[in-house]
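*Asks:* Here you go, sequence then predicted model.
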Amino acid sequence: MKSDIKLIDYLGVRRSIPAFQMCEPGPDKAEIEEILRLASRVPDHGKLAPWRFIVYRGEERARIGEELLKLALEAKPELSDEMIQVERTRFTRAPVVVAVVSKAGPHAKIPEWEQMMSAGAVCLNIIFAANAHGWVANWLTEWFAYDERAYDLLAVKPGEKIAGFIHMGSTTFPPVERPRPELIETVTWIGGEN
């Protein structure tokens, strides 16, 4: 594989756009399928595909938002008007939301941790593939990723976990850089001179 300057340039400026800054249009079904096909090309020890996708589009997103609002109000009946609107619109901020669901579990040879990391790699690959198709994207989890009361509503099966919700669409906002860690803070060198 030769150096790919375009890929290097992209990785040097890659930036998620906040979901609340997204708008229509979003990818159509054929583009979503291609994005997910590309995203599936991740490290996957044992070829288990220990993940799956749930694609939320159209009016169903608003219905899910209303149901999530009900769950949120059960837990916190004193929610402010602002937070009620936030809960109501969690799935309508972007035209397309894809759940990456981890199916990781015990296996004779493949550690569960490796299966979970494969699902995380899929999340990032969806962002890369969406960006390559000209869409903005963001990887979120939100409270309902960890609240099993919402799983039936979200079509998540017992024993599964949500690795993330990838929001995809368009934006009118310019990407804004944020601070990144310095390598001196994140790298330990062992051996070698150069």
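*Replies:* In hand now; what should we look at?
*Asks:* Now tell me which helix or strand of the chain has the poorest mean pLDDT.
*Replies:* helix 5-13 (a mean of 88; mean pLDDT, DSSP states H and E).
*Asks:* residues making contact with that helix?
*Replies:* Asn131, Pro175, Glu177 (Cβ atoms under 8 Å, 6 or more residues apart in numbering). C-beta here means a position set from N, CA and C on the backbone, and glycine is covered the same way.
*Asks:* Which secondary structure element is home to Asp152?
*Replies:* helix 151-154 (DSSP states H and E).
*Asks:* Return the list of helices and strands in contact with that helix.
*Replies:* The contact analysis (3 or more Cβ pairs under 8 Å, 6 or more residues apart in numbering; DSSP states H and E) places helix 151-154 against helix 60-75.
*Asks:* Beyond the helix it packs on, next helix or strand please.
*Replies:* helix 81-88.
*Asks:* just to revisit the earlier point, out of the contacts of helix 5-13, which is most surrounded?
*Replies:* For these, neighbours were counted using other Cβ atoms under 10 Å, and Asn131 has the most, 18 neighbours in all.
*Asks:* how about it, phi and psi?
*Replies:* Backbone torsions of Asn131, given as degrees, to the nearest 10, read phi -60, psi -40.
*Asks:* again, but for Val96
*Replies:* Taking degrees, to the nearest 10 as the convention, Val96 sits at phi -130, psi 140.
*Asks:* quick one on the thing from earlier: can you tell me which of the contacts of helix 5-13 lies closest to Asn125?
*Replies:* Proximity of the contacts of helix 5-13 to Asn125 was ranked by Cβ to Cβ; the top entry is Asn131 with 10.6 Å.
*Asks:* Just list whatever residues bridge to the residue nearest to the closest one when sequence neighbours are not counted.
*Replies:* Sequence neighbours aside, Ala137 is the residue nearest to Asn131 in space, at 6.3 Å (criterion: Cβ to Cβ, 6 or more residues apart in numbering). Under the criterion DSSP bridges, Ala137 forms beta bridges with Met168.
*Asks:* who touches Ala137 in this structure?
*Replies:* Ser16, Ile17, Ile126, Ile127, Ala130, Asn131, Ile166, His167, Met168.
*Asks:* try Ile162
*Replies:* Ala99, Val100, Val101, Ser102, Thr141, Ala145, Tyr146, Leu154, Val156.
*Asks:* repeat for Tyr56
*Replies:* Tyr56 neighbours (Cβ under 8 Å, 6+ apart): Ile64, Phe91, Val96, Val97, Val98, Ala99.
*Asks:* What values do phi and psi take at it?
*Replies:* The phi/psi pair for Tyr56 (degrees, to the nearest 10) is phi -110, psi 120.
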